[in-house]
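J.: quick one, structure for this:
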Amino acid sequence: MFKSVLKSTSAVFVAAGIALASAPAFAENPMVGGAPMYEDKNIVENAVNSKDHTTLVAAVKAAGLVDTLASKGPFTVFAPVNDAFAALPEGTVETLLKPENKEMLVKVLTAHVAAGNWSGADIMAKAKENGGTWSFKTVSSDTLTAQVQNGMLYIIDENMNAAKVTIADVKQSNGVIHVVNAVLVPK
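T.: Model (predicted):
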């Protein structure tokens with residue numbers, strides 16, 4: 001009897017140890033759109049679970065960028081929430097999602113992606129080193145500018161539209177996502 005109690009107690013401690021060992025990785029990565037984001041999953045695998053990014057996921061699928069964003073990377077993605085897409089002029093999203101506008105959709109989406117794995121702190125440090133702003137190229141060859149205002153990170157497109165980073169440093173197996181509250185529009 002003592003052996004069976006010891007065996008079952010050991011099983012409980014092993015199970016608890018596994019749960020605790022996996023808890024820190026989960027606790028470090030923020031939830032996005034009500035869903036946990038897992039560091040061992042790629043950008044696409046995590047994004048499809050965020051209820052705040054259904055428009056972005058639909059656009060990525062329509063643009064044929066799923067395989068690219070699921071690849072090794074690394075990528076830094078500035079991911080607009082559904083409300084950001086809804087704030088665009090009426091009919092914009094529907095127009096972009098049409099098959100005949102795929103090239104334009106790809107341009108818009110890749111203007112939100114930079115090669116590399118840049119944390120929010122890295123981006124803010126670069127901006128501070130450069131007098132408050134730091135410009136960098138996206139995968140679409142457009143230029144984005146990072147700016148720090150009142151301790152908050154903003155990403156500004158070439159049209160001077162600013163997107164506030166609302167959730168930074170969502171770690172992925174192939175990079176990092178920074179959730180933003182506006183769509184960055186290339187020229």
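
J.: what's the domain layout of the chain?
T.: 1-30, 31-180 (automatic domain parsing).

J.: any idea how far the longest one is from the chain center?
T.: Relative to the centre of its chain, domain 31-180 is centred 6 Å away, using Cα atoms, centre = their mean, to the nearest Å.

J.: ends of it, what's the gap?
T.: 14 Å (Cα to Cα, to the nearest Å).

J.: can you check stretch 86-100 too?
T.: Start-to-end span of stretch 86-100 (Cα to Cα) is 21 Å.

J.: what ranges does the protein have for its helices?
T.: 2-28, 43-47, 54-63, 66-70, 82-86, 92-96, 102-110, 120-129 (DSSP state H).

J.: so for the third one, mean pLDDT?
T.: Put plainly, it is helix 54-63. Average pLDDT, helix 54-63: 94.

J.: and for the first one?
T.: Averaging the model's pLDDT scores along helix 2-28 yields 37.

J.: residues contacting residue 126?
T.: 134, 136, 146 (Cβ atoms under 8 Å, 6 or more residues apart in numbering). Just so you know, the C-beta spots here come from the backbone N, C-alpha and C atoms, and that holds for glycine as well.

J.: and what of residue 44?
T.: 57, 60, 66, 69, 70.

J.: now those as a markdown table including neighbour count and distance to residue 166?
T.: Formatted as a markdown table, those follow (neighbours: other Cβ atoms under 10 Å; distance: Cβ to Cβ, whole Å):
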| residue | neighbour count | distance to residue 166 |
| --- | --- | --- |
| 57 | 17 | 18 |
| 60 | 24 | 19 |
| 66 | 16 | 24 |
| 69 | 22 | 20 |
| 70 | 18 | 24 |
